[in-house]
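In: sequence and computational prediction follow.
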Amino acid sequence: MNFSSRVGAACSALCLCLLAPAQTSILGFTSASAAHQSEIEAKFKSIPDPNQERRQHRIFTAEPHLAGSKRNHELANYIAAEWRKQGLDDVVIRRYDVYGTNPKSASLEMVAPTRYKALLRELPIPGDPDSKNPAISRAWLGMSISGEVTAPLVYAHSGNPEDYQLLRNNGISVQGKIVLVRYSNPYSYRGFKALTAQREGAAAILIYSDPAEDGYKQGKVVPDGPWGPEYHIQRGAITYDFLVPGDPVTPGWASVPGAKRIPIEDAISAPKIMALPLSWHDAKPLLESLDGPLAPENWQGGLPLPYHFGGERVKVHLKIEMDNGTQPYYVVEGRIRGAELPDEWVVLGNHRDAWVFGGVDPSSGTASMMEMTRGLGELVKQGTRPRRTLVICSWDGEEVGLTGSTEWGEQFVDELRSKAVAYVNVDEATSGSNFHGQAIGALAPMLVETTRTLPDPSGKSLHDAWKESAARTRVSAPQSTKIDDTNLVDTRIGSGSDHTVFLNFVGMPVIGLGFEGDYGVYHSAYDDFYWMNHFGDPGYRYHVLMSQLWGVTALRLANADLLPFDFAAYARNIRAFVDELSTGKDMRQLDLNGVRKEIDDFEAAGKSLDESMTGKLGAGNIDAKLATEINHGIMRVERNWLNPDGIPGRPWFKHILYGARFTYAHLELPGLTEAVEKQDWTTAKQQAEILERALETNTKLLEQLRAHLDR
Ligand SMILES: [Zn+2]
């Protein structure tokens, strides 16, 4: 539904809003249900508490809790026990046996022209007792292979294909050599850097954090500011999960105990290269010694030295030993059974595993989840159940390859396709105060509306605070565009978190929520309780706001009379994707007029259904059976964007509107866009036809729903 056509502007005399400022207009609700809903929301919003958020955050950040570790299993048991106390139903822990990747040992030494033995660990910070914890891991990257090599070192900038091209232009080959690359800004997934180095024939890749990206060139460093200090190491996985996420040896099916497994040599998402991350403390002696031509201006970094290409003089010895035994991952699943429509599910999730303490990533999200579930459980204890079922999950192994959520999604794909309304993901709940809301186009208006009813710690509504920060950060719209309610939500959804399986494999609408700020300690040991209490969210007010927002979003999806999807808005989004695809590109004979016509029809059908829904909601009472039929139809729309064959070359990724590049960056109309970029016009034409057919199917579906509603 559109904002211009909201329901129930007037309020009847009997309405409770004479007593309390109840809201009588909520997308998808009749005015009576909206009044009831706003009472529920008011009760719910009063529950999350900053002291409780802090208490939970401390529990999750007390020790390192890596995917598959003993501590992460203990935390799974803790969550399950808390959820039972909080009043959640059917709490279970699901086990997946996955291909393991744990470090046994790693060493790196420069052997020529001088000797330098890399420290490969993060030194304690005065004032932060957690930074002294002996359980903090040394430098390592998940899914590196084991091996030993002594070879010349080459600096390859960000490690993108064009960087290697520039090296070639300068007569430098990386074949058999070790490449040293930087984490880059804007963010590019390190797995793509590893794959690129592997394709270039490098023997190994070292990835370091340059101070220009997340260190002193950005601002004050820990312990005086939020940026990364000299010794911080960005761990992470290099899994090629942009090809297929989850356990590499069970691509497309769940790693339940006893599942069929393919040999690791045949797993396309398993890297075949040695990889290690470095702090700039360890990278500096290597960079200082490099010879060869001076690298160009844009390759220079934040260290006070000239960056050279290298290639001959500097030799390093690298040795990595990994433990690849099968290990168990644990997903905690709880639910609040719906009072009226138990077989319609709103799924909520956050990952639990962290590279070290996970102050921001993910424990801020986990703390927010625990306070959200406490609030939802409280409502149940007071006799208020949602109409639909809420399914709440704590994922394991997100950091390794989006693994826990992927295996769970693959296990329950059929049930999810018939029951799921949407998935709402929170990964990093807060590293600052700038809200970033993501949603598929059809859910953008309901997300905007939801933020209007929540108070931001700045004193404004979350909606107004979001609008201001969006104008500063420009995440959701280009510089030239005015930020308004139609472009506030970021509707370009890439990969890199647990929404991936639900959107791209199951075909579920998704929403992603997070508060962001200056954050230079990502995946390092300094992303911890101290950091959160000094920089990220010292008063835990944004944690509270996240618990409220996440819960209210879930309750609106769970309680709506008619599901609050705006398909005309979705159509406008898809049109923008097509416009962007065709702008400034040589489209040759590819005719997208058919696609454009189908988008127009889909928009008209969406608008017309919206008018009917608005009319019915405005009239105040909808037959329950009719509402269920309409809602089930609405739930089919997202499934219809799936192509069973997947996008060309990546069959696991089935959504034809949303995909991700190998860098995790968003990629709209993935099959079509990649074909156009390759100038493969045969495939482009096929992909355009697939898009046309899906639009046509959904237009027909919306028209049928409207006819049914108007009968
Ligand atoms: Zn995360």
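Out: Arrived safely, thanks for sending.
In: the residue positioned nearest the centre of the chain: what's it in contact with?
Out: Centroid-nearest residue in the chain, with CA atoms, centre = their mean: S497, separated by 3.1 Å. Taking CB atoms under 8 Å, 6 or more residues apart in numbering, we find S497 in contact with H351, E398, L402, N425, D427, G512. The C-beta positions use only the backbone N, C-alpha and C, and glycine is treated the same way.
In: same thing but 7 Å
Out: Going by CB atoms under 7 Å, 6 or more residues apart in numbering, S497 touches E398, N425, D427, G512.
In: so it, which of the three states?
Out: With DSSP: H, G, I helix; E, B strand; the rest coil as the basis, S497 sits in coil.
In: separation between it and the ion?
Out: In this structure, S497 and the ion are 6 Å apart, going by CB to the ion, to the nearest Å.
In: tell me which of the contacts of S497 is nearest to A67?
Out: E398 (7.5 Å; CB to CB).
In: give me the nearest residue to the closest one, chain neighbours excluded.
Out: Distances taken as CB to CB, 6 or more residues apart in numbering place H351 nearest to E398, at 3.3 Å, with adjacent residues excluded.
In: okay, now the one you found: neighbour count?
Out: H351 has 29 neighbours, counted by other CB atoms under 10 Å.
In: and I264, by the same measure?
Out: Close neighbours of I264, defined as other CB under 10 Å, add up to 13.
In: helix or strand for the closest residue to it other than its chain neighbours, which one?
Out: Leaving aside its chain neighbours, I264 sits nearest to A270 (5.5 Å; criterion: CB to CB, 6+ apart). A270 belongs to no helix or strand when elements are defined using DSSP states H and E.
In: tell me, how many residues neighbour A270?
Out: 23.
In: can you check N51 too?
Out: Look at N51: counted by other CB under 10 Å, it has 9 neighbours.
In: what sits against the closest residue in space to it that isn't next to it in sequence?
Out: For N51, ignoring the flanking residues on the chain, the nearest one in space by CB to CB, 6+ apart is Y540 at 7.6 Å. Y540 is in contact with P50, E53, R54, counting by CB under 7 Å, 6+ apart.
In: surely the last one is in a helix?
Out: This means R54. Yes: R54 forms part of a helix when assessed by three-state DSSP.
In: what's the burial count for it?
Out: For R54, the neighbour count with other CB under 10 Å is 18.
In: equivalent analysis for the first one, please.
Out: P50 is flanked by 17 other residues according to other CB under 10 Å.
In: so it makes contact with P538?
Out: No: contact between P50 and P538 fails when scored by CB atoms under 7 Å: they sit 10.0 Å apart.
In: quick one on the thing from earlier: pLDDT at the residue nearest to N51, what is it?
Out: For Y540, the pLDDT comes out at 98.
In: tell me where the stretch 151-300 of the chain has helices.
Out: 161-169, 190-199, 211-214, 280-289 (DSSP state H, counting those that start in this stretch).
In: those helices: which one's closest to D247?
Out: In terms of CB to CB, the element of these nearest to D247 is helix 190-199, at 15.2 Å.
In: could I get that closest one in CSV with only the CA atoms?
Out: Only the C-alpha atoms of helix 190-199 are listed here, as CSV (Å, rounded to 0.1, in the frame of the first residue of the first chain):
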residue,chain,number,x,y,z
ARG,A,190,38.3,-11.1,0.9
GLY,A,191,37.2,-14.4,-0.7
PHE,A,192,37.1,-12.6,-4.1
LYS,A,193,40.7,-11.4,-3.5
ALA,A,194,41.7,-15.0,-2.8
LEU,A,195,39.9,-16.4,-5.9
THR,A,196,41.5,-13.7,-8.0
ALA,A,197,45.0,-14.5,-6.6
GLN,A,198,44.4,-18.3,-7.2
ARG,A,199,43.3,-17.6,-10.8
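In: report all helices and strands that that helix contacts.
Out: Judged by 3 or more CB pairs under 7 Å, 6 or more residues apart in numbering; DSSP states H and E, helix 190-199 is in contact with strand 204-208.
In: each with direction, which strands does the strand it packs on pair with?
Out: Partners of strand 204-208 in the sheet, by DSSP bridges, are strand 178-182 (parallel), strand 274-278 (parallel).
In: mind checking these for the one nearest to Q300?
Out: Closest to Q300 of these, according to CB to CB: strand 178-182, at 10.8 Å.
In: hmm, who's touching that closest one?
Out: Strand 178-182 has contacts (CB under 7 Å, 6+ apart) with 149, 151, 153-159, 193, 197, 202-208, 210, 213, 283, 286, 301, 316, 318.
In: now do that strand against helix 280-289, angle only.
Out: Put simply, strand 178-182 runs at 120 degrees to helix 280-289, going by axes from the mean of the first three to the mean of the last three CA atoms, to 10 degrees.
In: between strand 178-182 and helix 190-199, what angle do the directions make?
Out: If you take the same axes, to 10 degrees, strand 178-182 sits at 150 degrees to helix 190-199.
In: quick one: D97 is in a helix?
Out: No: using three-state DSSP, the assignment for D97 is strand, not a helix.
In: retrieve the pLDDT associated with it.
Out: Here the pLDDT value assigned to D97 is 98.
In: and it, what does it touch?
Out: Per CB under 7 Å, 6+ apart, neighbours of D97: S255, P257, T326, P328.
In: ok, the longest strand along the chain: who's next to it in the sheet?
Out: Counting residues, the longest strand found in the chain (DSSP state E) is strand 310-323. Here strand 310-323 is paired, per DSSP bridges, with strand 102-112 (antiparallel), strand 147-155 (antiparallel).
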